[in-house]
Every structure is written in structure tokens, then in C-alpha cells.
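Novice: sharing a model that was predicted from the sequence below.
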Amino acid sequence: MASIKITGQKKLVLVTGRAHPQLAHDIATALETDVVPTDARTFANGEIYARYGESVRGCDAFVIQSHANPINEALMEQLIMVDALKRASAKRITVVAPFYPYSRQDKKGRGREPISARLVADLFKAAGADRIMSVDLHAAQIQGFFDGPVDHLFAMPVLLEHFREQLDASTLTVVSPDMGRVRVADIWSDKLGAPLAIIHKRRDPLVPNQVSVHEIVGEVEGRVCLLVDDMIDTGRTIVKAAEALKKNGAIGVVVAATHAIFSPPAFDILQSEFIDSVVVTDTLPVPEDKRWDRLTVLPIAPLIARAIHEVFDDGSVTSMFDGAA
């Protein structure tokens, strides 16, 4: 009877969808490995096909995909890639979605609405994902939608390092653009040793992407205001917030966000006279023709690479954030 050889050697595999391949290659470089080649294509009728260029049997696979526009195509491609890994006998499959798709629909605000963030989690599970890794979820409760481990990473350390070098804490006020971001902005104010201000805004539930700013709670006159948010979509909310701050005496407005969705007309309106600079990470692709001189794009790949390394080595992702994860 032949003996079974047990090597115990784990194999790390990185694969990527087509939405933001540069991010995957940056992550691979940080991990000193390569992205496994994937034959991914879209047929004439829109159907997506994916096949891996080498064996993935028994591997610890990480499927990297940024959910940029067209978001449904990016999501479907990632699901198909997970399914291909499952059917090729990958041992463990981790979905790496730096920007979690449909994260804004995390609860029912009114009757007869979907909870699409939960649906996406169910789809990942049905496809064969064992684990999800994401950066700055729009709502922390999304972690509970997936029946398995969720690694919720924070871009704050990456952004904080930049602002500590660029901004003077003695004249700085951290501003939450709405009530939903107060807890995050409060952590920012603690870390930077700066006071906190809050913008109270009212949104018409029947009119998407339209906001009317009301009042500012906190001291902003004569100060540089750092507006912190998790995402910038059309940019209208953030521009109105910046305008309100400047009209209330702020001498400068700096905008920080993790996810640069930048749906039209964001590229044009974020160059507003009310905004002095915008700082984002590259969880989503920001093409060169959508950049301007007051935009800074910070790399997120080192953070994600470190988290992948911890997961692969059965280490602690929480320890990356001083136990705050």
C-alpha cells in the first residue's frame, strides 16, 4: 500500500478581476509574489468567462476586485472567479473587495426597499467564498451579513500618516459631513489632537444625490477644516459641506475619503473654489485623466497586502489597528 505524502506547505494564490488590475499587481509586489494569470473575457452578449492559467488545487486563494463602474459587471466577474476557484479545488477562498458593492443599501429606510448589501454577501457565500476582506465598510453591520470571517480594514492609518505631515494640528478642526460619520470623525479628532465639528444636513429621500446643508455644530471660524468621509460619489454632498464651512469662516477645507467613486460630475465639481485639496486612496481606480493638481491618491496596496499576509499566516488582522478593528 502506497503511503500518502504530507508536505504541509501552504500555497498563496492571488487572482484579480479586470476592474483594477494595477491594485492587484501592487499587492503582489508588496507580498513578493505574482498574480496568477487569468483568461477573463466577455462574450458578445455580455456573459463573462474566467479560467486560471495554472493549478489552484489546495491553495489559499485571494480574489481581488475593485467594484468600479460598471459595478454589476465587476461583481459578476468576481462571483464567477470564485466559482472557478471552488470548482478547481481551492482550499480556502477569500473575496478581497476593497470597496464593498451595494454597501449603502445596508438597511431598509422605507418600506418595500431591498437590503442589497446582505444580498451581495449571500451571493459571495453561494459562489463559494469562505472569507471577505474589505476596506472602510459604509456600515460596520455589513460584517454580520456574511456567514464567515470578515476582515474589516481601516484606511485611517494610511490617511493619518499623510495628514500628520501636511497639516498643523493647532489650527485644525476635524469635521463630520453628517451625523452618520460622527463616530469615525471623533476617532480622527482624537488621533490628530484636533477639535470636532459636525455638519447637520437634511436629505430628501425621494431625490438621490441631493443634499441641503443646514447648520454646523462646533468651531470652524479661522481654522483649517478636515472633512472626513468613507466615499465620494458625485461629490455634491462634500462640496456643499465645504461651501458651508467656508461661509462660516473656515480658512481652508481639506477633504479626506477612502473610496474615490467619482461618478460624474465629481471630477468637475470637486475642483470647487471651496475645496483646497482632496486626498483619497486607490481602493477604486482613479485614471490619470480624472486627476487634477489638488488631488492626492494614496496607495492602499501595502495595507491590503499586510492583511493578506496575516490571514495566510493565521496571524492577527486586528493587531494591525492597535486592537481597534
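Specialist: Yes, it's here. Numbering: from 1, shown residues only.

Novice: got the contact list for residue 309?
Specialist: 31, 315 (C-beta atoms under 8 Å, 6 or more residues apart in numbering). In short, each C-beta sits where N, CA and C put it, glycine included.

Novice: actually, residue 250.
Specialist: 173, 220-225.

Novice: need the contact list for residue 184.
Specialist: Residue 184 sits next to 156, 176, 228, 230 when contact means C-beta under 8 Å, 6+ apart.

Novice: repeat that for residue 62.
Specialist: Applying C-beta under 8 Å, 6+ apart, the residues near residue 62 are 12-15, 94, 96, 133, 308.

Novice: in CSV, list those along with secondary structure and neighbour count.
Specialist: Putting these into CSV (DSSP: H, G, I helix; E, B strand; the rest coil; neighbours: other C-beta atoms under 10 Å) gives the following:
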residue, secondary structure, neighbour count
12, strand, 17
13, strand, 23
14, strand, 22
15, strand, 28
94, strand, 25
96, strand, 28
133, strand, 23
308, helix, 25
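
Novice: and of these, the nearest to residue 293?
Specialist: residue 96 (31.4 Å; C-beta to C-beta).

Novice: what about residue 245, neighbour count?
Specialist: Other residues near residue 245 come to 28 when the count uses other C-beta atoms under 10 Å.

Novice: repeat for the one 10 residues further on
Specialist: Counted with other C-beta under 10 Å, the burial measure for residue 255 works out to 27 neighbours.

Novice: tell me the domain boundaries of the chain?
Specialist: Split into domains by automatic domain parsing, the chain comes to 12-154+302-319, 156-298.

Novice: would JSON lines of the ones you listed with mean pLDDT be doable?
Specialist: JSON lines is the format used below for the domains of the chain (pLDDT from 0 to 100):
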{"stretch": "domain 12-154+302-319", "mean pLDDT": "97"}
{"stretch": "domain 156-298", "mean pLDDT": "92"}
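
Novice: where do the helices sit along the stretch 51-200 of the chain?
Specialist: 71-87, 116-127, 156-166, 182-192 (DSSP state H, counting those that start in this stretch).

Novice: residue 168 is in contact with residue 223, isn't it?
Specialist: No: if you go by C-beta atoms under 8 Å, residue 168 and residue 223 don't touch, sitting 10.2 Å apart.

Novice: show me the contacts for residue 267.
Specialist: Residue 267 is in contact with 290, 292, counting by C-beta under 8 Å, 6+ apart.

Novice: helix or strand: which one has it?
Specialist: helix 266-269 (DSSP states H and E).

Novice: now that helix: buried residues?
Specialist: Residues of helix 266-269 classed as buried by neighbour count (16 or more other C-beta atoms under 10 Å): 266-267, 269.

Novice: just stretch 275-294 next, same as before
Specialist: For stretch 275-294, the neighbour count (16+ other C-beta under 10 Å) marks 275-276, 278-286 as buried.

Novice: can you give me the first-to-last residue distance of that stretch?
Specialist: Using C-alpha to C-alpha, to the nearest Å, one end of stretch 275-294 lies 9 Å from the other.

Novice: residue contacts, the residue nearest to the spatial centre of the chain?
Specialist: Centroid-nearest residue in the chain, with C-alpha atoms, centre = their mean: residue 99, separated by 3.4 Å. By C-beta under 8 Å, 6+ apart, the residues touching residue 99 are 66-68, 134-135, 231, 259, 261, 283-284.

Novice: ditto for residue 185
Specialist: Counted by C-beta under 8 Å, 6+ apart, residue 185 has contacts 174-176, 196, 198, 228.

Novice: ok, so of those, who is nearest residue 43?
Specialist: Closest to residue 43, out of all of the contacts of residue 185 and judged by C-beta to C-beta, is residue 228, at 42.4 Å.

Novice: if we can go back for a sec, just the ones of the buried residues of stretch 275-294 in strands?
Specialist: 278-281 (DSSP state E).

Novice: mind putting those in TSV, distance to residue 47 included?
Specialist: Shown next, in TSV, are those (distance: C-beta to C-beta, whole Å):
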residue	distance to residue 47
278	37
279	39
280	33
281	32
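
Novice: farthest pair within these?
Specialist: Farthest pair in these (C-beta to C-beta) is 278 and 281. Separation: 11.6 Å.

Novice: which neighbours do the two have in common?
Specialist: The contact lists of residue 278 and residue 281 share no entry, where a contact means C-beta under 8 Å, 6+ apart.

Novice: surely residue 11 meets residue 60?
Specialist: Yes: using C-beta under 8 Å, residue 11 is in contact with residue 60, at 6.7 Å.

Novice: of the two, which one has the most company?
Specialist: residue 60 (21 against 15).

Novice: now the helix holding residue 267, how far from the centre of its chain.
Specialist: 20 Å (C-alpha atoms, centre = their mean, to the nearest Å).

Novice: show me the contacts for residue 117.
Specialist: Residue 117 neighbours (C-beta under 8 Å, 6+ apart): 100, 102-106, 138-139, 142, 145.
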